[in-house]
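In: Please find the sequence and the predicted model below.
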There are 2 protein chains.
Amino acid sequence: MHISNETSSGSCSCSVPGNGLGQNSIPCRKRLPGLSDLGTLKRTLAPITTADLFKPPCYSERPKSGIDISKFLSREGRVRQPSSLKASVAEFGEDMISLGTGRPSPDTYPFERMEFAYSSPNATAWTGQAMSIHGSQGKEGTGIVYKQDPSASIDLSIALSYGYSLGSEQLIQYLTTHVSHVHSPPYSDWEICLTGGNTSAMETAFRNFTDPGDFVLVEEYTYSGMIEAASALGLILVPVAMDADGINADSLDNILSTWNDLHQGNPAPKLLYTIPTGHNPTGITQPLHRRQEILDVAEKHDILILEDDPYYYLHFPQTHGDSDFLSLPSYLALSRTGRVIRLDSTSKILAPGLRLGWLTAPKAIVETFQAAHDLGFVHPSGLSQVAVYKLISETWGHDGFLQWLNVLAGNYRDKASALLQAMERELGWGILADICSWSEIRAGMFIWLKVDCSTLPDMSGTLMDAEARQQALMKIEDKIYMEALKEGVLACKGSPFQTPPLTSTGAINDDGQLSAALGTSLGKENVAVFLRLTFASAEAADLAKAVGRLGIALRNIFTPKSGEATPAISFQ
Amino acid sequence: MHISNETSSGSCSCSVPGNGLGQNSIPCRKRLPGLSDLGTLKRTLAPITTADLFKPPCYSERPKSGIDISKFLSREGRVRQPSSLKASVAEFGEDMISLGTGRPSPDTYPFERMEFAYSSPNATAWTGQAMSIHGSQGKEGTGIVYKQDPSASIDLSIALSYGYSLGSEQLIQYLTTHVSHVHSPPYSDWEICLTGGNTSAMETAFRNFTDPGDFVLVEEYTYSGMIEAASALGLILVPVAMDADGINADSLDNILSTWNDLHQGNPAPKLLYTIPTGHNPTGITQPLHRRQEILDVAEKHDILILEDDPYYYLHFPQTHGDSDFLSLPSYLALSRTGRVIRLDSTSKILAPGLRLGWLTAPKAIVETFQAAHDLGFVHPSGLSQVAVYKLISETWGHDGFLQWLNVLAGNYRDKASALLQAMERELGWGILADICSWSEIRAGMFIWLKVDCSTLPDMSGTLMDAEARQQALMKIEDKIYMEALKEGVLACKGSPFQTPPLTSTGAINDDGQLSAALGTSLGKENVAVFLRLTFASAEAADLAKAVGRLGIALRNIFTPKSGEATPAISFQ
């Protein structure tokens, strides 16, 4: 079964993109098929599916990734095999009667019909700004799924049954076209697998590609849930320095180049975890040159990159034209050798309660996730799958989905702008002007507020050793957090996002050479605490109010008490 | 917030059940609250919830389980902590503005409304038999969920957001009443956690309570997915002998009593995995006395029991009155010391595509799952949660759900009966009469067909060593499987369900004493292969046809070819 995504009038002139830069080098982006081009899927329970069935013809002309994953596999990843039971029940002829699997008859599902009413991809209701995009086919609408509906591409008897562990054929088909359009992976053997969101997929990636005791490269500030998950798995995180463009390629290269000298007997890291767009918690978006530099280092040292990119689509649009995320290639789009495992999620672009995401990587890598799903996660909810399929495929279509993403990113841009303006207004004057600093952001939902604590009496001395200073800073951070709560604003402490220094793990007796090798580090040279602020969940009108409260809290702490010689904060 | 499930007219006279036997000792079962008794929940995004809020008052008079889980925890289970990020965003006052979590505003979810049309719990359409149950309040109906609906107990803004990792408050409330009614755990500190189904929960249980290299007790035949998942986790399975009543308590006791003598240096198993009802693959339901015997051994040797019970509700009803599953206490209902982790699933009773189940255990155990969810799985799909809540709570109510389960179990009983009758008819005569054997079943969806191969020429000799015999049997099993496929029927091979013998793992140099200690073993003394047959997925009318085809396949293999001296199967 091969279904062409090409229109009958046009031949596919795709070429491997030169460097993944402009759209000129990725002609497939011009070829978004409408729904009518998707073809008719064979309707079966849990069919075997693969992105190969739905790729445009150009991929047959691209080289394979050539990646050999055997050196990267964990013990668990090596041992795990796809379910033998599932393998034994591949579909046979129509006359076959199955006494095989404990799969209840769909007749016994007590769900007769589901109907979804979807928003318009314009979403004027919540943005207050109608986007007018040329050629948009998206529209508000409803999706109806019946229990038994032989004329539909998917019905409840399929959606509510055990599904295929890569995901439903319908969504894989849609996402193959979408990923091909957005990322145009420069090799032929990429595959897509649905996931339960990026946290779930990240943890599975660690289990497939690391063993307890292994070292994993991460940004020096990173997603706290990843730090905790990695720690639970017995992994030791190696912080890579960051600068204004995100993870620093020289630091990465230094760590890997000096590893064997500095860490004799400890296997070198073979996996880098990074959040390239709207980084959590710093908000940084790695520019193209930085991605290319990192990829060059990964190539040089033969490591895998786990690209956790849930904020990718929240790349703030500068114009009202094409979605801006298309202008910044992902690691997936840049790596010709297939050393990137890319994680996408619906959590920030549709709804987190769906627990639905997808990963894209060479087939050999995806198969390790498929095997892991067979023996544990199984697959995302069939209801989430059908709700999303009916929305982005049958209701919005590809253009409508891109329109939605663009409008959504515009909404985040506006909220970010509101928060930044409020910060300028509330934190940019008086005593806070020298204490608070932050960077502009280009994507995502986070702003990283740095609060310089050197003016606090107890932090001004130079005699404090590193540990005492760290403890003092933790107390100040807690004090700020509590004071903000008292004033009625909840901010996120920065410290849970700090990758523990390698020495604190006790795993390596660091003699200081490593720290030197880490290079310039965000905030390390300063005596500061950080707060992560997000504009995602609060109402737009509340953002200014919230920052005002934060300003009051900070002034309460940083304004010297008149007539007092004692410091504002004391460290008993 | 405490919401009483008691009606205002009745005081709670619950007592700890004597032995969990009759309903007389579990008076709480008489007190199924209607929906109106559930009270109004505080509507918040991802509130902290616990079964304690919803338990009937009797539990305050029951003793705590008293279990100390520290000796059972794996390294991973010990290290893992609930997400610090989630802990930091517990709800505060109404005036609090959150700049804290990267939780998108529900305004941006493109889902305006969902409507579910549900079957009646009578489900006459597919059973062909209307059950008339006194007092049933269940009815066919629809559930509607709007994006913003302050008057509803749950709306899409809640269902589609990040949820609490134990599960939505609404479902936890419903299930607390349900579990209290059905199992009436004999201790006070039980807790409920939603899961992604039993395969997912089973794997998490292994990760929380076993380390790679640990030994886990399992039935000698068991769920093949469990065998594969355990193997991937580096666990070594210890097969416990089975008899007609399921797992054998003497075998279990022998293994544990002789462990230190036979396996010096290897830590004794501390976890037993068992499928007590409608066992997969043998179909056996452990009677009460067997459960009690196993529990006594578990008590004696201080091990945990992982009760994987997806077929529990498919306990065939003998009458048209109360659901028969209430007559057979679960391990959860029997263990006063809380050494049972019980796994329930919606996969066999509502629909597997929901990927939704729940586990019940002492709070200290449930917290290990909650922490695991925080760092990976997160929680089941919010759509699955709201679809099931609207169905079993708001549409059917407790009585309706029990009615549904009873009707469904009756449907399975009838299909089992049809399959067994067909087997009697098709496999019970001629040459197959002495070759095929099987047991009656009382629950679930599986029949375990034993095919005696001793009459096959190459199996009749006594000189064949164990390994050669095993290889010969595997060839015969494959031959039967393929011949059946050729005739148009898919059966499940039995061999993937066989727990590998301990010696084959290479982990223990078994000198034969252990095998002796295992006691009488199902089929070990015979030269036989097994097929697992299920009546779950095929249409009723097809069952007889399928067994007819299987009979032809078996006769093709076992009927001596006339005029041939060569065996029907040769082993080159």
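Out: Great, that's in hand. Residues are numbered from 1 along each chain as shown, chains lettered A, B, ... in the order given.

In: Run a quick neighbour tally on A:Trp429.
Out: Look at A:Trp429: counted by other CB atoms under 10 Å in any protein chain shown, it has 10 neighbours. (C-beta placed from N, C-alpha, C; glycine too.)

In: I misspoke; the intended subject was A:Ser437.
Out: Neighbour count for A:Ser437, taken as other CB under 10 Å: 17.

In: Make sure it is actually in contact with A:Trp448.
Out: No - between A:Ser437 and A:Trp448 there is no contact under CB atoms under 8 Å: 9.5 Å.

In: For the stretch 51-200 of chain A, which segments count as helices?
Out: A:75-79, A:84-88, A:124-127, A:156-159, A:169-182, A:198-209 (DSSP state H, counting those that start in this stretch).

In: Can you flag the weakest of those by average pLDDT?
Out: With a mean of 51, helix A:124-127 has the lowest mean pLDDT of the helices of the stretch 51-200 of chain A.

In: Any chance you could note which residues of the stretch 201-350 of chain A sit beside chain B?
Out: A:203-204, A:212, A:224-225, A:228-229, A:231-234, A:280, A:347-348, A:350 (CB under 8 Å from any CB of the partner chain).

In: Mind checking which of those land in helices?
Out: Among those, the ones falling in helices (DSSP state H) are A:Glu203, A:Thr204, A:Ser224, A:Gly225, A:Glu228, A:Ala229, A:Ser231, A:Ala232.

In: can you tell me which two in the residues you listed are farthest apart?
Out: A:Thr204 and A:Ser224 (18.7 Å; CB to CB).

In: hmm, back to that, would you reformat the helices of the stretch 51-200 of chain A as TSV and include distance to A:Asp302 and mean neighbour count?
Out: Supplementary listing: the helices of the stretch 51-200 of chain A in TSV, determined by distance: least, CB to CB, whole Å; neighbours: other CB atoms under 10 Å in any protein chain shown:
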stretch	distance to A:Asp302	mean neighbour count
helix A:75-79	17	18
helix A:84-88	32	17
helix A:124-127	45	14
helix A:156-159	41	26
helix A:169-182	25	24
helix A:198-209	13	25
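
In: could those go into JSON lines alongside distance to B:Pro121?
Out: Shown next, in JSON lines, are these (distance: least, CB to CB, whole Å):
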{"stretch": "helix A:75-79", "distance to B:Pro121": "43"}
{"stretch": "helix A:84-88", "distance to B:Pro121": "31"}
{"stretch": "helix A:124-127", "distance to B:Pro121": "38"}
{"stretch": "helix A:156-159", "distance to B:Pro121": "18"}
{"stretch": "helix A:169-182", "distance to B:Pro121": "31"}
{"stretch": "helix A:198-209", "distance to B:Pro121": "33"}
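
In: out of those, nearest to B:Pro310?
Out: helix A:84-88 (14.3 Å).

In: re the thing from before, ok, which of the helices of the stretch 51-200 of chain A comes nearest A:Thr319?
Out: Across the helices of the stretch 51-200 of chain A, closest to A:Thr319 is helix A:124-127 (CB to CB), at 15.9 Å.

In: Buried only: go through the residues of the stretch 201-350 of chain A next to chain B for me.
Out: A:203-204, A:212, A:224-225, A:228-229, A:231-233, A:280, A:347-348, A:350 (16 or more other CB atoms under 10 Å in any protein chain shown).

In: Tell me the confidence at A:Ile192?
Out: With respect to pLDDT, A:Ile192 scores 98.

In: now the one 4 residues further on
Out: For A:Gly196, the model assigns a pLDDT of 98.

In: residue ranges with poor pLDDT in the stretch 351-500 of chain A?
Out: Counting by pLDDT under 70, the stretch 351-500 of chain A contains low-confidence ranges at A:458, A:460-464.
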